[in-house]
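1. no sequence for this one, just the structure:
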């Protein structure tokens, strides 16, 4: 879905930018151009960014556990 009509920026592009490390509207403004023209997209772009930031799973530890009689 297109979020920023003026610059043809989709919700997918915003999520990809978040995956690459962008974490603020200032980042989206600078790197993608979100909200640089009419500004009507800013609230929805912010919502997409925050929802994606909250949905990401961060792996902090990886453990192997034995399965059905197998030993580690």
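-> Received the coordinates, thanks. The model shown is predicted, which means the values in this text are computed figures rather than measured ones.
2. Count the neighbours of residue 12 for me.
-> 12 (other Cβ atoms under 10 Å). Backbone N, C-alpha and C define where each C-beta goes, glycine included.
3. May I have the phi/psi pair for it?
-> Residue 12 adopts backbone torsions of phi -60, psi -40, taken as degrees, to the nearest 10.
4. go on, residue 17?
-> phi -60, psi -40.
5. OK, contacts around it?
-> Contacts for residue 17 (Cβ atoms under 8 Å, 6 or more residues apart in numbering) come out as 27, 28, 31, 32.
6. Could you check how far it is from residue 33?
-> 11 Å (Cβ to Cβ, to the nearest Å).
7. okay, and the common contacts of these two?
-> By Cβ under 8 Å, 6+ apart, no residue touches both residue 17 and residue 33.
8. sorry, back to before: among the contacts of residue 17, find me the one that's closest to residue 43.
-> residue 28 (12.4 Å; Cβ to Cβ).
9. if I look at residue 25, how far off is residue 57?
-> Distance, residue 25 to residue 57, by Cβ to Cβ: 23 Å.
10. These two - which one has more neighbours?
-> Using other Cβ under 10 Å, the more surrounded residue of residue 25 and residue 57 is residue 25, with 16 against 4.
11. pLDDT at the more buried one, what is it?
-> Note on residue 25: pLDDT of 96.
12. Please name the nearest non-neighbouring residue to it.
-> Using Cβ to Cβ, 6 or more residues apart in numbering and skipping the chain neighbours, the partner closest in space to residue 25 is residue 46 (5.7 Å).
13. So for the strand or helix carrying the one you found, what gets flagged as buried?
-> Element membership for residue 46, per DSSP states H and E: helix 42-55. Across helix 42-55, burial judged by 16 or more other Cβ atoms under 10 Å covers 42, 45, 46, 48, 49, 52.
14. and which of the residues you listed is nearest to residue 3?
-> Using Cβ to Cβ, those come closest to residue 3 at residue 45, 5.1 Å.
15. Can you give me every residue that contacts the closest one?
-> Neighbour list for residue 45: 3, 4, 9, 14, 25, 28, 34, 35 [criterion: Cβ under 8 Å, 6+ apart].
16. Lovely, talk soon.
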